[in-house]
Every structure is written in structure tokens, then in C-alpha cells.
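Chemist: Here is my input, please return the structure:
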Amino acid sequence: MEGILCPGFQAAGVASGLKKNGNKDLGLIFCETPATVAGVFTRNLVCAAPVQLDRQRVARGRCRAVIANSGNANCCTGQQGMRDAIRMAQAAAKRLAIDEKEVLVASTGVIGEPLPVEKIESAVPDLVKALGPEGLGGFAEAIMTTDTEPKVVSRRGQLDGKDFTVTATAKGAGMIRPNMATMLCFVMTDIGASPDVLQEMLQASVQRSFNRITVDGDTSTNDTVLLMAGGNCGVAVSSGGQKQVFQSVLDDVLMNLAKWLVKDAEGATKLIEINVIGALSGQDAHQIVDTVAHSNLVKTAFFGEDANWGRILAAVGRAGVPVDPDKIDIRFGPVLMVQNGMGCGKQAEARATEIIQHPEFDITIDLKLGDGRASMFTCDFSVDYVKINADYRT
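Modeler: Model prediction:
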């Protein structure tokens, strides 16, 4: 696990009894000063009560704390679900002595089961007591579901001669499709910024990172990315040059987390970057890379370490955008596997097979039609993925 907690923030994670195995399942992030906040949420029309509540509260632009649980999604739970989400926020606000509307809520886990909110309320006193500047590791553990490890990334930058920090933690190993953020992610920084500026930069960063990853093609009901800016470092982002500096650090943090999520995907053994170049437009390139990255046949071939370029070519052809099959080149890493729509022979295939035996590699598809390009990170599709999701609730 990388990084330190951002100056001006405290965090903690405890076990409240939501998880049957007794692991940590309730986390809290607290900003020592009033923070501005931005948020990006799932585009799934079936969305959880915490998402609905946070959309309302993020619009105010102010936040002091986030309380998050794993083990239960609090989704498809009707009006009771919204009341329970509010009760989570109220419990944290009361113990922290802050305005309830300055507390945001996040949940992850099984859909459709009532949230045992009484367990959360009972655990909040110990959760607040555990808050500290070294507590983000505990928080990161508390939001895990099928993740195999907690994920924290922290980076430093400099604005107007003053150091600033961006620290983030995320969870998500399944139900991941790049249609917003497709997991939970909490970002903290000690720079100052208006809510509008934060929202602009967060949306741009999500588009470059979390919207360019996929595990299984399923957009979750609880996807939430929150960015809180405490302003403790003494400099605020407002000018174009300042935005560029901060955006670069924010992008670095979120891209590292995005790749980490795919590497830790359910049952995954490979992290694969799919690149499409030479398309007629960027949109065409994106549509093709999206089709290839989501192809179950392509993903299972990667799991079997089979350099089955025919599956890739077939996915390109069904993406619904103009291509000339007789112009397409495909490279596995540096190895030219397909030239002008035809395989390059057994020797090239043997070299390509060596490439895909690595835990990380890239595939480049050159359409040779224009300047459009796009990329995505995906993983292989393994037997373990099926096992994990076949009995997830039991």
C-alpha cells in the first residue's frame, strides 16, 4: 500500500458486524476544516440510497466527513434505504459535532438486503475514537468486498512554491465497466478550490482513468468518486496554470488506482492495455477499443495464454464503425502479429505467445484510416471469476 494520509484529514476503519467473517466493514474520513467537495456517480438508473443522498449533498459544495460501509449495498431497499443512509450520516455527525448535511455516505456489498443500520450506529463511537492521521489503511480495508488488498495512492506536487498532497483510496474488483467510475473512490487534497473547479477537474480525471477500465462489463449501482479539498496547504487552484499542475497530479493518482483495480480484479491473472490507433475519429477508436476490451472470447484467450488474434479482429469488425479489414495491423507488445488483415505466421505467433505469458502487456490495433486513437485497460476472464460470482451471496 502506497502513500500517507493527506495533511488535514483523519481516517479509521472498524468491524461493525456487517461482514460474517468479522473483518473491518465500516470506515470514516474526517476533514479537520470545512472542505469543498465534488462527486461523480454511477449512470446506472438503478442506484443505491447513498448515491441518491450524496448527489443532493454534493450539490451544496461542502463536506466534512464520509462514512462508508462494506457488506451491504443499501440498494433496492426503498424508502427505508434512504432513511438508513441518513441515519448513518446522523450518527457520524452527532459524534463528530458537525452538521449532518456535511456528512456523505457510501455503501458496497450485496444488493437488495436491508441495511442493519443499528450495527453501524453502535460502532460509530469506536470509529470516531479510532480516527487518526495514520488511519487510512484501516479505512481502505473497511471498504473492501472481493478485493484482495487495500489500495491507497498518494502523490505530492507544488503550487506557487508550496507543497500539496493528493491521496486517494479505492475498492472494486468486480461489477466494473467504465461508465463513470465503477467502484468507490475517495480522494483528499490539502489544496483549496471552489466546488466548480473541483468538479471540472474530477470529471476530467475520471474520464481519463476510471472510464478507461473494465473487468466484466457490469456498471454497478453504487459507483461513487468523491474529491475533498481541505485547503490546509495555503494555496488555492484558480488559474489555468495552477489547474494544469493540480490536474497532472490528480490524474496520476487516479490512473494508478484504476490500473490497480484491474490488476486486482476477481480471478484476474493479467493486466492488458488495449490501444486502437489510426481510426477515422476518436469516437470510432473508443467504440472499437471498448468492444475488444469487453469481449469474453478475447478475455478468455488471454487467460489461456492463446495468441488468438482472430478473436480480436472479429471484435474490431463488429464494433459498428467503419474499418477496412485489409488494412488492419495488430501488435502483441512489439510483435507484429497481423499485417494488413492477415496473420504473420507461426514464428510471430510463438513470439506473441511469450508476450501474453507476462502478467502485464499491451495490444495495439492500427486501423490505418486516420488520426483517431483510444486506449483501455482490461483483464483476463478466468475460471475463478465465475466461481467468485456464482455464489457471491452465499
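Chemist: longest helix of this protein?
Modeler: In the chain, ranked by residue count with DSSP state H as the criterion, the top helix is helix 240-263.
Chemist: Now do that one: which elements does it pack against?
Modeler: Where contact means 3 or more Cβ pairs under 8 Å, 6 or more residues apart in numbering; DSSP states H and E, helix 240-263 is packed against strand 152-159, strand 162-171, strand 184-189, helix 195-208, strand 271-279, strand 372-379. Placement of C-beta: from N, CA and C, glycine included.
Chemist: ok, 7 Å please
Modeler: The helices and strands touching helix 240-263, judged by 3 or more Cβ pairs under 7 Å, 6 or more residues apart in numbering; DSSP states H and E, are strand 152-159, strand 162-171, helix 195-208, strand 271-279, strand 372-379.
Chemist: Just tell me which of the ones you listed ends up closest to residue 17.
Modeler: Of all those, it is strand 162-171 that lies closest to residue 17, at 19.2 Å by Cβ to Cβ.
Chemist: how big is the angle separating the closest one from helix 240-263?
Modeler: 30 degrees (axes from the mean of the first three to the mean of the last three Cα atoms, to 10 degrees).
Chemist: Sheet partners, orientation included, of the longest strand anywhere in the chain?
Modeler: Determined from DSSP state E, the single longest strand within the chain is strand 26-41. Strand 26-41 pairs in its sheet with strand 9-14 (antiparallel), strand 62-70 (antiparallel), strand 224-229 (antiparallel), by DSSP bridges.
Chemist: Would you mind listing the buried residues in that strand?
Modeler: Across strand 26-41, burial judged by 16 or more other Cβ atoms under 10 Å covers 26-31, 35-41.
Chemist: Any idea how far stretch 126-137 is from the middle of the chain?
Modeler: Centre-to-centre, stretch 126-137 and its host chain are 23 Å apart (Cα atoms, centre = their mean, to the nearest Å).
Chemist: and what of stretch 261-268?
Modeler: Using Cα atoms, centre = their mean, the mean C-alpha position of stretch 261-268 is found 12 Å from that of the whole chain.
Chemist: same question, stretch 93-107
Modeler: So, by Cα atoms, centre = their mean, the centroid of stretch 93-107 is 24 Å from its chain's centroid.
Chemist: after the longest strand of the chain, next one along is what?
Modeler: Remark: after strand 26-41, the chain's next helix or strand is helix 49-58, criterion DSSP states H and E.
Chemist: nearest to residue 243, of the helices and strands packed on helix 240-263?
Modeler: helix 195-208 (6.6 Å).
Chemist: same for that closest one, what does it pack against?
Modeler: strand 26-41, strand 224-229, helix 240-263.
Chemist: In TSV: those, plus distance to residue 15 and mean pLDDT.
Modeler: Formatted as TSV, the helices and strands packed on helix 195-208 follow (distance: least, Cβ to Cβ, whole Å; pLDDT from 0 to 100):
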stretch	distance to residue 15	mean pLDDT
strand 26-41	7	96
strand 224-229	22	96
helix 240-263	24	93
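Chemist: so which of these comes closest to residue 138?
Modeler: Evaluated over the helices and strands packed on helix 195-208, closeness to residue 138 peaks at strand 26-41, with 7.1 Å, by Cβ to Cβ.
Chemist: Let's have the helices and strands packed on helix 240-263 in a markdown table, adding mean pLDDT and distance to residue 143.
Modeler: Below are these laid out as a markdown table (pLDDT from 0 to 100; distance: least, Cβ to Cβ, whole Å):
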| stretch | mean pLDDT | distance to residue 143 |
| --- | --- | --- |
| strand 152-159 | 95 | 11 |
| strand 162-171 | 95 | 5 |
| helix 195-208 | 95 | 18 |
| strand 271-279 | 97 | 22 |
| strand 372-379 | 95 | 20 |
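Chemist: how about the ones you listed, which one is nearest residue 107?
Modeler: Closest to residue 107 of these, according to Cβ to Cβ: strand 162-171, at 11.5 Å.
Chemist: tally of neighbours for residue 314?
Modeler: Neighbour count for residue 314, taken as other Cβ atoms under 10 Å: 15.
Chemist: So, low pLDDT: which residues of this protein?
Modeler: 1-4, 173-182, 217-219, 388, 391-394 (pLDDT under 70).
Chemist: For stretch 93-106, which outside residues touch it?
Modeler: With contacts defined as Cβ atoms under 7 Å, 6 or more residues apart in numbering, stretch 93-106 is touched by 30, 50, 53-54, 57, 60, 62-68, 85, 88-90, 92, 124-125, 128, 184, 224, 226.
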